[in-house]
Every structure is written in structure tokens, then in C-alpha cells.
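A.B. asks: Generate a structure from the sequence data that follows.
(one chain, ligands or ions: 1)
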Amino acid sequence: MDFKEQLKSAVDISTVVGEYVRLRKSGTQRYMGLCPFHNEKTPSFTVHVVRQFYKCFSCGAGGDVLDFVMKIEGISFYEALKLLAERYGIPMPKRPLVADEDSRLREAIFRMHELALESFRASLAGPMGEAARAYLERRGVAAETTAQFALGYSERSGRTLLRLFEHHGFPSAQIEQSGLVRKRDDGSFYDYFRNRLMFPIHNESGKTIGFGGRALAADDNPKYLNSPETPIYRKSSVLYNLHRAKEAMRKEDRVILVEGYMDAIGVTAAGFRPVVASCGTALTAQQVQALKRHTQKIAVNFDPDAAGANAAERSINLLLEESMHVRILELDGELDPDEYCKQRGSAAYQERLEGAKGYFYWMADRARSKHDMHSTEGVVAVLEALRPAVQRISDRLERMAVANDLAGYIGVDRGVVLDSFRKAVAERQEKALERPKVELRPDERVLLNALVGEPEMRSVVMEELKSMEAIDRLPSRRIFQAAFALEATGGPLSFQEVNSRLEEGDQNLLAEAVLRDDVESSREEVMAAVQSMRRSGEQRRVVDLRARIKELERAGNREEALRLMAELPKLDPAMRGRK
Ligand SMILES: [Zn+2]
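C.D. replies: Next up, the predicted model:
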């Protein structure tokens, strides 16, 4: 067994996928969830535990556990192998697997980030880290929180990491691409982060991929400095703290979105685990999709100032487009989430969280405070302000329900609100992915399952099927042929082996037959399917023969027509015994 097969047999696909996608059990062999690879509202993404295969019945994405990890992490085959091996404690082969150039570079950059993390942590604990420790103390960050979030300190000298990387023998070309050092005009290097409190940023699997650094000196700008984009760090798809929060997000079915590192840390320390931060950048569609894989319910808790409210409003449009259920968590006393938790305590924050308003009420409040609701102009302006957001609700019924609620809330006649939003409703194009529906015969489905399923069942039907003409007329004939070909070469015959030999259309058909439902046929059912397939073959031959006889008669060839007619009773079971 090569390492790939060994690894695949050691990890369970539903466990791996379940780390990225909120799955629920569906039948005895399958899990279902919202597809992480396209935008959908009703789950068509299936993970089959017996076949160890995932399949989306909407967009067609499918594959084994390695395909999934490659696709969702955006990494190479080699990196996916390595990631799974590390995560599930499976020793990699002694002889190193061949990694391509890009994978090797990324691996080196990951390693440099691990070294940087340890170096920053050591500096924070050391004599140089005094000012940073004082800052943390002022902000009320406990020692265990500092450890939990692996906070650190980057020294003033600007040569700490550079020396470290050179000492570990990284070539300067790799060092330059790490994002942790910068190049001067004269070609020499210096550390990117200097005299800053360091927040490591992780990817979803928990690897350090970048840093945020907070200035400690009052005149240091900017206040927050983030790693530049590197081969391992794409800002637009990363959320701070997601790797720690995701399990709680799935379990509690909600997430709290805050703005800054300190907010995420403070709220987590107050006992709320499903917290992520957008880290100063505007929320992106990729970030929303990453959240949505774990939960669709979000409470947005931005800073209480105008900038925070504007950022919230911008984020919300994106969230609505991805069908997230959005609430706005507002804090009183001009406190940011971190300060609020520290000054008012967990219970007060919990209360605010539970009482968070649905997005539309919040937005209506904002619009109302700006306009005079006693004037017609004011009402029109408020409705105008709300319309773009209503338009973004992808579900038609939900849109109508929201319009209805809003009418009551802003005290405007329901008809007026519905009229105003009708346009929005009509303007929206429903983007549904429609795949041509393939109809599989029940006997065809049973036989395909027997063929790629249990070896005992397969040996019962194999010979019979190979000699059956009816197979060649089925939409799934190429699947049968691929299985026959595999058997002829003596190769292992399994769902995945057959699947890997098919074109995309046939892969979808096979998935339709063996992944869509829990099909476990008894020996009797399989035999009945063989019978039924054989009968349909005979019937087909009778139909063909009759057509041929008619043709001969029309052509005046009575002799040949009679000869063929004598063949009929042999073929047609209904005519057998009659003379
Ligand atoms: Zn999909």
C-alpha cells in the first residue's frame, strides 16, 4: 500500500470534512451539509462514510479526503498529505515524498513562522519584553490568556529574526518571501516587526501564517501593522481566531464577529468561544464563506463609534448575500467588546448577546434617527435606505417576511412597504444551479451498488452482467464498462477506483446511484435486479425483431420475415408455450 492509501484508510472523511463544514447525520452511512464550494441554502453536499467520498449534488464537486483538503485549503497534493499526516499522527514515510518548488517554499515559510512565534514569545518573557508585559497588564490580559493566544514581542534591534533564519540555514530568497523581513535599497535585510506586541495569525488548521503587531511607542505608526501577503498568507480569506472558535461555532451554531485582536481575545477570555475578528480589513466574501461553513448565525459586535457602525453596515451586505442570519450586538457606555467584558463582566455581555437585534431592526433604527418619520419624505428616505439590504436577502419568502416585520416596526402601512420592496424583489435574479436530472432505473441503481460495493455481492453478479446486452443501452453503461475493465486487469474494484476512471458526467451519475441514498440491497434484491435487467433486454430484442419483421414484409421478403417470426417465441417469455 502506498502512503496515500495508508493515510486514506487511517483517517475518516466525515471527521476531516466535519472540521470545516457543519454536518448532520443523514441515514446510516451519510452526512449532509451546506456545500463549501458553492453558495446554497439547502444542503446538497454529502459525505459518504462507507465510500469515503464527498459529493455535492448541486455543483458536482466530489472526491476523496485528499481532494477535499486540497480544494478547501487551496494546497497541493503533497501539502494535503502532510497536513493530514500531522493532524492525525500518522508517520510520514522515511523516504521523503517529492514536493514541488511551490510546496517547498511554503513549507520553509511555515517553518520560519514557527521559529518567529517561539522567538517572539521568548522575547515577551525576557528582559526586553517589559514594556509589552506592562501594556498587557494595563489591558487586564491574564498570563494564561497571553499563553493561550501565544502573544509575543518583537525586539527593537530589527535583527532578531534575520539572525535566527540565517542560523537555521534558510536561503535569502526564501527569507525575503517570508514577509517577516524587509529588504533595504542596499540589499541588506531587517526585521519587519520592531518593538511591537505580536499577535500570531493562524489558518483554519491552526498553523501560524502571519502576525499582527501593535505599536508600543506612542509615536510609532501605524498603530497596528500586519504581515504582508505571502505564499502562505492571503488576507482576504483569513479570520483571526477561526481555528480556535470553529468547533464552538458548530456546536453552539453561532459566531460573534468583532473588529480587533484584543476584542477577540477579551471576549474569549470572558468565556465566549465562538469569536472571530476581521482584523481591521473590510470583511470579504471568502471570509464570510469560511464562517458559513461552520454556522449561519452571526452576531456582529463592532466598535460603538461611527466608524464601527459604518463597518458593520458594509459587512452586513456581504453577510446577507451569503444567506447569513445577522444580528447586531450593541454595547452601551462607548465601550468596545474587550473593555465591556472587563468592566461589566460576562453576564452583562451574555445579556447583550442574547438581546442582540435582528439586522433590519438595527438598520431601521439608524435610518429613523436620521429622518423625520412624520413626513412623507422621511418615510420614503427610510425605505430607500433599507431597500438595498432587503434586496440582498436571497430567499423570496424571507424577503416578504422581513418587509412585513419592518412595516410594523417603523409604523408604516404594510402596503406601502411591500410596494416599495416589490421592485427590489422583482429585480433580484434567483441564481440557482440547475443540473440536468438523471433518471436511473431502480434495477440499474441496485446493480451499480452491487458492482462497486461488497466483493461477495459483486462476484455473484459480475459474470451475468458482463454477458448482458441490456447494459450497453443504459445511461450508466460506461460505469459498468469501467468496472468490467478493472476486473479484467485484476485491479482492486471499489467505488473510488471506478470513479477515478470516469468522465465528469458519468461520475455524477455514479454518485447519483451510490451516494444519494442509503442503498444496501439484500442478495434477493440484487438477484431480482439481475432478473429484471435480463427481462428488459429480452423485451428490447422482441421490439427490435418485430420492427425488422415489419420492414421485411414491407419489402416483400416474406420468406425471411417468416423465418424471423419463428424466432419470436424463443425471445418473448409471454409467448413461450404458445403455438
Ligand atoms: Zn456544491
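A.B. asks: Same question for the biggest helix by length in the chain: list its buried residues.
C.D. replies: When the chain is parsed with DSSP state H, its longest helix is helix 523-554. Buried positions in helix 523-554, judged by neighbour count with 16 or more other CB atoms under 10 Å: 525-527, 529-530, 532-534, 536-538, 541-542, 545, 549, 552. The way it works is simple: take the backbone N, C-alpha and C, and place the C-beta from them, glycine included.
A.B. asks: go on, stretch 215-227?
C.D. replies: Counting neighbours by 16+ other CB under 10 Å, one finds that the buried residues in stretch 215-227 are 215, 216, 224, 225, 226, 227.
A.B. asks: taking those residues one by one, which sit in strands?
C.D. replies: Secondary structure defined by DSSP state E assigns 215, 224, 225, 226 of the buried residues of stretch 215-227 to strands.
A.B. asks: what's the closest of these to the ion?
C.D. replies: The nearest member of these to the ion, counting by CB to the ion, is residue 226 at 31.9 Å.
A.B. asks: check contacts around the closest one.
C.D. replies: Contacts here follow CB atoms under 8 Å, 6 or more residues apart in numbering; on that basis residue 226 touches 201, 210, 211, 212, 213, 235, 279, 280.
A.B. asks: Pick the one among those residues closest to the ion.
C.D. replies: For these, the residue nearest the ion by CB to the ion is residue 235; the value is 25.2 Å.
A.B. asks: Hmm, that closest one is touching residue 209, no?
C.D. replies: No. Under the criterion of CB atoms under 8 Å, residue 235 makes no contact with residue 209, lying 10.1 Å away.
A.B. asks: For the longest helix of the chain, name the packing helices and strands.
C.D. replies: For helix 523-554, the elements it packs on are helix 442-452, helix 455-466, helix 558-571, judged by 3 or more CB pairs under 8 Å, 6 or more residues apart in numbering; DSSP states H and E.
A.B. asks: Can you tell me what sits against the second one?
C.D. replies: The contact list for helix 455-466 (CB under 8 Å, 6+ apart) reads 447, 450-452, 471, 480, 484, 487, 493, 521, 523, 526-527, 530, 533-534.
A.B. asks: For it, what is the distance to the chain centroid?
C.D. replies: Between the mean C-alpha point of helix 455-466 and the mean C-alpha point of its chain there is a distance of 38 Å (CA atoms, centre = their mean, to the nearest Å).
A.B. asks: Let me see the mean pLDDT of that helix.
C.D. replies: When pLDDT is averaged over helix 455-466, the result is 84.
A.B. asks: And that helix, what's buried?
C.D. replies: Using 16+ other CB under 10 Å as the burial criterion, the residues of helix 455-466 that qualify are 457, 458, 460, 461, 465.
A.B. asks: Can you add distance to the ion and give those residues back as TSV?
C.D. replies: Formatted as TSV, these follow (distance: CB to the ion, whole Å):
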residue	distance to the ion
457	31
458	30
460	35
461	32
465	32
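A.B. asks: Which of those residues sits closest to residue 517?
C.D. replies: Taking CB to CB as the measure, residue 457 is the one of the buried residues of helix 455-466 closest to residue 517, at 17.0 Å.
A.B. asks: For the closest one, give its distance to residue 518.
C.D. replies: Distance, residue 457 to residue 518, using CB to CB, to the nearest Å: 16 Å.
A.B. asks: and what of residue 192?
C.D. replies: When CB to CB is applied, the distance between residue 192 and residue 518 equals 54 Å.
A.B. asks: And residue 481, by the same measure?
C.D. replies: Relative to residue 518, residue 481 is positioned 26 Å away (criterion: CB to CB).
A.B. asks: How about residue 399?
C.D. replies: With the distance defined as CB to CB, residue 399 ends up 36 Å from residue 518.
A.B. asks: Who has more neighbours out of the two?
C.D. replies: Under the criterion of other CB atoms under 10 Å, the comparison of residue 399 against residue 518 puts residue 399 first, with 18 against 12.
A.B. asks: so which strand or helix has that one?
C.D. replies: Assignment of secondary structure by DSSP states H and E places residue 399 within helix 396-410.
A.B. asks: for the ion, what are the nearby residues on the protein?
C.D. replies: Within the chain, the positions lying close to the ion (CB under 5 Å from the ion) are 35, 37, 38, 56, 58, 59, 61.
A.B. asks: what's around the fourth one, how many residues?
C.D. replies: Spelled out, it's residue 56. 23.
A.B. asks: Surely it is in contact with residue 37?
C.D. replies: Yes. Taking contact to mean CB under 8 Å, the distance of 6.3 Å between residue 56 and residue 37 places them in contact.
A.B. asks: anything in contact with each of these two?
C.D. replies: Counting by CB under 8 Å, 6+ apart, the contacts common to residue 56 and residue 37 are residue 45.
A.B. asks: Quick check: which ranges of the chain have low pLDDT?
C.D. replies: Across the chain, the stretches falling below the confidence threshold (pLDDT under 70) are 1, 95-98, 280, 394, 423-438, 519, 572-579.
A.B. asks: can you rerun that using 80?
C.D. replies: Judged against pLDDT under 80, the low-scoring parts of the chain cover residues 1, 94-99, 279-281, 391-400, 414-439, 454, 491-492, 517-520, 569-579.
A.B. asks: can you map out the strands along the stretch 251-400 of the chain?
C.D. replies: Here the stretch 251-400 of the chain has its strands, by DSSP state E, counting those that start in this stretch, at 255-258, 275-277, 297-300, 325-328, 357-358.
A.B. asks: mind putting these in a markdown table, mean neighbour count included?
C.D. replies: Converted to a markdown table, the strands of the stretch 251-400 of the chain look like this (neighbours: other CB atoms under 10 Å):
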| stretch | mean neighbour count |
| --- | --- |
| strand 255-258 | 27 |
| strand 275-277 | 27 |
| strand 297-300 | 23 |
| strand 325-328 | 22 |
| strand 357-358 | 16 |
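A.B. asks: Throw these into CSV and include distance to residue 239, thanks.
C.D. replies: As requested, the strands of the stretch 251-400 of the chain are arranged in CSV below (distance: least, CB to CB, whole Å):
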stretch, distance to residue 239
strand 255-258, 8
strand 275-277, 4
strand 297-300, 12
strand 325-328, 16
strand 357-358, 23
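A.B. asks: Compare those strands and give me the one nearest residue 395.
C.D. replies: For the strands of the stretch 251-400 of the chain, proximity to residue 395 was assessed by CB to CB; strand 325-328 is nearest, at 11.1 Å.
A.B. asks: Okay then, goodbye and thanks.
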